[in-house]
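Novice: Predicted coordinates and the sequence they were generated for:
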Amino acid sequence: QVQLEESGGGLVYAGGSLRLSCAASGSIVSINTMGWYRQAPGKQRELVATMASGGSTNYADSVKGRFTISRDNAKNAVYLQMNSLLPEDTAVYYCNADLQPTYDPSRQYRYWGQGTQVTVSS
């Protein structure tokens, strides 16, 4: 079985910083793209940032220049450094991974973490 576990959420004042971490564990052959999404109350889940295994990145316009995604491929981990946080960044943040599991290595599956709450107070 494959699991993604996030950590690092919490409460911070506007202008502050947080660092989210996510590690994939289990029977994994390889991981392609890893990323972060978020969902605010009453809104749809939206992309925050993604990073391919080769290092290319993609960011939502709303977080460019403030958030940085990084990976440690040896640890099957992805991180999100969030600086200059705004109240509108308040949401549950989810990590995901597009990967090939050992039980079906010929196909790619998307796995999600359980989410971690980020609250930015003004």
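Specialist: Happy to help now that I have it.

Novice: alpha carbons only for contacts and neighbour counts from here, please
Specialist: OK.

Novice: Show me the residue at the heart of this structure, geometrically.
Specialist: Taking Cα atoms, centre = their mean, the centroid of the chain lies closest to W36, which sits 2.6 Å from it.

Novice: Show the contacting residues for it.
Specialist: W36 sits next to 47-50, 80, 93-96 when contact means Cα atoms under 8 Å, 6 or more residues apart in numbering.

Novice: Looking at the residues you listed, which are in strands?
Specialist: By the criterion of DSSP state E, membership of these in strands covers 47-50, 80, 93-96.

Novice: So which of these wins on neighbours?
Specialist: C95 (31 neighbours; other Cα atoms under 10 Å).

Novice: can you give me phi and psi for the residue nearest to that one when sequence neighbours are not counted?
Specialist: Residue nearest to C95 in three dimensions, not counting chain neighbours: W36, with 4.4 Å by Cα to Cα, 6 or more residues apart in numbering. With angles defined as degrees, to the nearest 10, W36 sits at phi -130, psi 140.

Novice: Ok, Q3 next?
Specialist: According to degrees, to the nearest 10, Q3 has phi -130, psi 150.

Novice: looking at it, it is touching S27, isn't it?
Specialist: No. If you go by Cα atoms under 8 Å, Q3 and S27 don't touch, sitting 9.3 Å apart.
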